[in-house]
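*Asks:* Sequence and predicted model, in that order:
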Amino acid sequence: MDIIIILQAGVASGTVLLFATLGGIFNERSGVMNLGLEGMMLIGAMTAFSTTVKTGNPWLGLILAMIAGGLLSQIHAFITITLQADQVVSGLALTFLGTGISLVLGEGLSKAGVISLLPVITIPLLSEIPFIGRIFFYNQSILVFLGYAMVPLCWWFINKTRPGLHLRAVGEYPAAADALGINVYRVRYFYVFIGGLFAGLAGATISLAISPGWFSELTTAGQGWIAIGLVIFSQWDPFRAMFGSYVFGALRRLILDIQGPAILFGMANPFYYNPYYGFFLQMLPYAFTIIVLVIGSKEAVKKRLGTPAALGIPYIRGQRGV
Amino acid sequence: MKSDTVVSRKSIFPFRVKFEQRISDVPKWYPIALSFAAVVVALLIGAIVLAVGGGNPWATYAHIARASFGSVGVFSDTLVKATPLILVGLACTVAFRMKLWNIGAEGQFFVGAFGASAVVLIPLLPETAPNWLFIIAMMLAGMFCGAIFGLIPGLLKAIFNVNEVISTLMLNYIAVAWNNFFIFAIWTEGGFQMSKVFPKNAWLPRLTDLGSEYPFFRGLTTHFGLIIAIIAAVILWYILNRSKWGYEIRLIGDNPKAANYAGIPIKKHIVLVMVVSGALAGLAGMSEISGVVHRLQGAISPGYGFTGIIVAWLAKLNPIAVIFVSILFGALILAGREIQPSGVPKMIQGVILVCLIASDFLIRYRVKIIRNSEEE
């Protein structure tokens, strides 16, 4: 068990959660909760993998995966924004739909074998930095670096630009935004689409880079739901999302590695001598998500900030309320 | 009151589609017809996806119908699949009435199965205990374990305002890992990933047990769990529609502010509803273990907990309607096992749910088609 390897792998697999969480942040900042992340990620993972198998071009796979996620998200947008249906049920339906479609269209893909993956790179000078260099800049997929770039970019966009201001206005007080001439419906459609793009990207990150292949529903194994928990933990802030995602990624790797050594912290390792205790380790990410939610919810109450005020409420022009 | 115009756009078509908010209530048959239409549309969409995927949709649908309603034998199997769906559908119904999104029925189902198995495998009762005692003990244990898995997210929601969608979902994964630990490590039989078969007096009675007296029943696997499920549906219908408690949880769901002003203890109801919901899903796990599987093993559910969500929604949260919708979905699950690709039932379920939610719009709005030349 090597702490550097765990953290390095944590950053790699945390990138999947990071993209999904960023997508969720855009969704929810505009006031639309999308519980369909898991479904869109599966569609993305399946599209990316099957495209790459057929064409041999992982970049094409990546782009098509994002488009597929974006297209699927528009079903949710139509149902919740135009038809004003309940966002929770619609998001669940989207997950069923995405899972079902990707299982049907991904049939037989699991036997596809080796594909060409996205490049893995090492940054020359930065990777020489002790500790940090090995973790962040050595032998990581190019998508991990995309993740580093995305976080400040998203933060800047949401907090410092005019469209970002519109986004927040629509999520906090759509009636006021409408009065200012912002088209609430169009803005919401757009950011649900952006959320779909990110979810598709997250899916492609799994199947083309982090754990390549198509393993039907096990490809995502509930990471879309963990990401929804992380959106709340992040308090809709990209930097907190980054931190949370990498911690969760590292936790996933730790669970695998902790079962390796016979001696742990000078004691006999129970997970080594009875591998069945590993089932309790498997519960950890999910139990941790619940704990993270408790922390996030408590903080949000204390600071009186975080949750976009209009989250989950359909906007109906000319009606009272937010 | 002037009706609101929701969508009106200039278009290239010579007519416009306009949605007007309904002022009066729709007739009683209308939502039912609408749900039916939504299912038909969903099956058509499913057919298109199947055709795109290279399959023959009509052959697939015909196969589903034949493999689930074709004879008394297969219809009995359909009822077996419907039994856990009814109970899980009821679990979702009671929670959804209060707009409490219990997505954890799958996990509650698993721990319910665990609790029922524990009665036999720990063992809490001697192997020679009478059948009725076993069944009652297993029902209680299953409901208790399911209720615990409902209590946790209920308390978290009531105390910390933790989003119940995610906490119940996370508990699904925890429940599966919990069961796996006992299946692999504690109750494994000869290294296989399953427990020993339960003694016969821990089985729910089946129709085929009456085969010696009534030859017609020979080989039919429908078990007593179906009766339990139907009784539960009737009781729940009474509670939801005729009791003060049922009224209160519906009020909380429709208008939490009004409920609060009326002095209804919302937090107490959140915990209570989650406990009831979890217990019903746990009972479904018990019925499946004691009525069908007769041992604890990993693969005991083809996603009953999630299908229950759709069942509850399609039944418009009416416990009696849940029974009939469950039979339809039981058929889909039963026939789905033989259909390739294996994702088809799941996809059809997803399309049905999407169409259902979309169709709800037509209960609240009227569609008007207006020619562009006409003035309003």
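*Replies:* That came through fine. None of these values were measured; they are calculated from a predicted model.

*Asks:* Every contact and neighbour count from this point should use C-alpha atoms.
*Replies:* Fine.

*Asks:* what about residue B:299, which SS state?
*Replies:* Counting by DSSP: H, G, I helix; E, B strand; the rest coil, the backbone at residue B:299 sits in coil.

*Asks:* need the contact list for residue B:254.
*Replies:* B:98, B:99 (CA atoms under 8 Å, 6 or more residues apart in numbering or on different chains).

*Asks:* now do 10 Å
*Replies:* Residues near residue B:254 by CA atoms under 10 Å, 6 or more residues apart in numbering or on different chains: B:97, B:98, B:99, B:248.

*Asks:* Now the third one. Nearest residue, chain neighbours left out?
*Replies:* Nearest in space to residue B:99, with sequence neighbours left out and distances taken as CA to CA, 6 or more residues apart in numbering or on different chains, is residue B:253 at 4.9 Å.

*Asks:* In this structure that neighbour contacts residue B:97, no?
*Replies:* Yes. Here residue B:253 reaches residue B:97: they are 6.1 Å apart, a contact under CA atoms under 10 Å.

*Asks:* joint contacts of the two?
*Replies:* With CA under 10 Å, 6+ apart, residue B:253 and residue B:97 have common neighbours residue B:247.

*Asks:* hmm, back to that, now the buried members of the contacts of residue B:254.
*Replies:* Burial by neighbour count, 16 or more other CA atoms under 10 Å in any protein chain shown: within the contacts of residue B:254 this picks out B:97, B:98, B:99, B:248.

*Asks:* Tell me the one among those nearest to residue A:148.
*Replies:* residue B:99 (38.6 Å; CA to CA).

*Asks:* so what's that closest one up against?
*Replies:* A:86, A:88, B:92, B:93, B:249, B:250, B:252, B:253, B:254, B:256, B:270.

*Asks:* Not counting sequence-adjacent ones, nearest residue to residue 73?
*Replies:* Using chain A here. Nearest to residue A:73 is residue A:196, by CA to CA, 6+ apart, at 5.1 Å.

*Asks:* Not quite, go with chain B.
*Replies:* Leaving aside its sequence neighbours, residue B:73 sits nearest to residue B:220 (CA to CA, 6+ apart; 6.1 Å).

*Asks:* wait, residue B:315 sits on residue B:89?
*Replies:* Yes. Shown here, residue B:315 and residue B:89 form a contact pair, counting by CA under 10 Å, at 8.8 Å.

*Asks:* Find residues that contact each of the two.
*Replies:* If you check residue B:315 and residue B:89 against CA under 10 Å, 6+ apart, the residues they both contact are B:309, B:321, B:322, B:323, B:325, B:326.

*Asks:* Out of the residues you listed, which comes closest to chain A?
*Replies:* residue B:309 (9.0 Å; CA to the nearest CA).

*Asks:* Any idea how many residues pack against that closest one?
*Replies:* 29 (other CA atoms under 10 Å in any protein chain shown).

*Asks:* Now it: closest residue in space, sequence neighbours ignored.
*Replies:* Residue B:309 sits nearest to residue B:92 (CA to CA, 6+ apart), 5.9 Å away.

*Asks:* what's near enough to touch the one you found?
*Replies:* B:86, B:99-105, B:274, B:277-278, B:280-281, B:305-313, B:317.

*Asks:* Any regions of chain A where pLDDT drops low?
*Replies:* Scanning chain A for pLDDT under 70 picks out A:1, A:114, A:300-306, A:320-322.

*Asks:* from it, which residue is nearest to chain B?
*Replies:* For chain A, CA to the nearest CA, closest residue to chain B: residue A:100, 3.6 Å.

*Asks:* Break down the stretch 51-200 of chain B into its helices, ranges please.
*Replies:* B:57-69, B:72-97, B:105-121, B:131-160, B:164-181 (DSSP state H, counting those that start in this stretch).

*Asks:* on that earlier part again, check the buried ones among the contacts of residue B:254 and tell me the two furthest apart.
*Replies:* B:99 and B:248 (12.4 Å).

*Asks:* any residues in contact with both of these two?
*Replies:* Common neighbours of residue B:99 and residue B:248 (CA under 10 Å, 6+ apart) are B:254, B:256.

*Asks:* quick one on the thing from earlier: from memory the residue nearest to residue B:73 sits against residue B:211, does it?
*Replies:* Yes. In this structure residue B:220 lies within contact range of residue B:211 using CA under 10 Å: 8.6 Å.

*Asks:* more crowded one of the two?
*Replies:* residue B:220 (20 against 14).

*Asks:* For residue B:176, give me its contacts.
*Replies:* Applying CA under 10 Å, 6+ apart, the residues contacting residue B:176 are A:279, A:282, A:283, B:106, B:107, B:108, B:109, B:110, B:111, B:114, B:298, B:299.

*Asks:* buried stuff in stretch B:311-331?
*Replies:* So for stretch B:311-331, counting by 16+ other CA under 10 Å, buried means B:311-323, B:325-331.

*Asks:* Same check on stretch A:185-195?
*Replies:* A:185, A:187, A:188, A:189, A:190, A:191, A:192, A:193, A:194, A:195.
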